[in-house]
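Engineer: pasting the structure only:
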């Protein structure tokens, strides 16, 4: 299967005053449709910088980023904005919700940014909210939500533009193990059912059994790549009827 995203010899250098600091060095990897990939490693190893480059938030100092064979690493800022709006869904450690917006309006903001607020997207927002068990929270504001509910809103927001690639930076960091696993299950379901690609940066190795491949980073380089066989994958919660119930607090 053709890669949905491919990195070729990615390096990134920042300046600390007059001193160059190399954060990434010759990173090469690819993600195929339907793959859920994890990147692990110690703090400061370059994981989040790598995710920002994949997500078109940063440009590499050298190397190539391709999405569906398109070389986005040479795009201009306006083109990169279009890539972020149409092809990539972001989920961060903190839900980063806007306090004065309702749950529904958090999702519709994505449509506004893409200049696509219409009946179809309004209906889609309602459907996503319902699918993630938040129908009773549609008109709620951020302060009324639990930590798990906030993260589910963040997931729904990431799904709103129907992205081909989902990037999750420590999505379970603020959740206990049960709720964290449910969040990762939600991402896994979206990836497998719609043949998207996903990359999750995480310190939580309890979630790695849900991933197809694992990259371990250290000092800005990939030191190891491992692949989990189908036999090693546990049956996911949503396959066993354990997917979070609608209106159940998470």
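Structural biologist: Noted; the coordinates are in hand. Bear in mind the structure is a predicted one, so any value in this text is a computation, not a measurement.
Engineer: tell me the SS of the closest residue in space to residue 3 that isn't next to it in sequence?
Structural biologist: Sequence neighbours aside, residue 30 is the residue nearest to residue 3 in space, at 4.0 Å (criterion: C-beta to C-beta, 6 or more residues apart in numbering). Every C-beta, even on glycine, is put in place using the N, C-alpha and C of the backbone. Assigned state for residue 30: strand (three-state reduction, DSSP: H, G, I helix; E, B strand; the rest coil).
Engineer: adjust the sequence numbering to begin at 872 for everything that follows.
Structural biologist: Okay, residue one is now 872; in that scheme the one you just asked about reads as residue 901.
Engineer: what residues are bridge-paired with residue 901?
Structural biologist: Beta-bridge partners of residue 901, counted by DSSP bridges, are residue 877.
Engineer: report how many residues lie close to it.
Structural biologist: When neighbours are counted by other C-beta atoms under 10 Å, residue 901 registers 16.
Engineer: ok, and what's touching stretch 964-984?
Structural biologist: Defining contact as C-beta atoms under 8 Å, 6 or more residues apart in numbering, one finds that stretch 964-984 is touched by 956, 988-989, 992-993, 996-997, 999-1000, 1005, 1008-1014, 1016, 1021-1022, 1024-1025, 1027-1028, 1031-1032, 1040-1042, 1044-1045.
Engineer: show me which positions of it end up buried.
Structural biologist: Going by neighbour count (16 or more other C-beta atoms under 10 Å), the buried part of stretch 964-984 is 964, 966, 968, 973, 974, 975, 977, 978, 979, 980, 981, 982.
Engineer: ok, longest helix in the protein?
Structural biologist: For the chain, the longest helix by residue count, based on DSSP state H, is helix 1048-1065.
Engineer: list the buried residues for it?
Structural biologist: By neighbour count, with 16+ other C-beta under 10 Å as the criterion, the buried positions of helix 1048-1065 are 1050-1063.
Engineer: in strands, which of the contacts of stretch 964-984 fall?
Structural biologist: Here DSSP state E is the test, and the contacts of stretch 964-984 give residue 1040 as lying in strands.
Engineer: what subset of the contacts of stretch 964-984 is buried?
Structural biologist: The buried subset of the contacts of stretch 964-984 - by 16+ other C-beta under 10 Å - is 956, 992, 996, 999-1000, 1005, 1008, 1012-1013, 1016, 1021-1022, 1024-1025, 1027-1028, 1031-1032, 1040-1042.
Engineer: residue nearest the centroid of the protein?
Structural biologist: Closest to where the C-alpha atoms of the chain average out (C-alpha atoms, centre = their mean) is residue 1038, at 2.2 Å.
Engineer: tell me what the helix or strand harbouring that one is packed against?
Structural biologist: Assigned by DSSP states H and E, residue 1038 falls within strand 1036-1040. Helices and strands touching strand 1036-1040, by 3 or more C-beta pairs under 8 Å, 6 or more residues apart in numbering; DSSP states H and E, are helix 918-925, strand 959-962, helix 1048-1065, strand 1068-1072.
Engineer: helices or strands up against the helix or strand of the chain with the lowest mean pLDDT?
Structural biologist: None of the helices or strands of the chain scores lower by mean pLDDT, DSSP states H and E than strand 1092-1098, at a mean of 86. The contact analysis (3+ C-beta pairs under 8 Å, 6+ apart) places strand 1092-1098 against strand 890-903, strand 1084-1089.
Engineer: export the ones you listed as CSV, with columns for distance to residue 939 and mean pLDDT.
Structural biologist: Shown next, in CSV, are those (distance: least, C-beta to C-beta, whole Å; pLDDT from 0 to 100):
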stretch, distance to residue 939, mean pLDDT
strand 890-903, 11, 94
strand 1084-1089, 19, 94
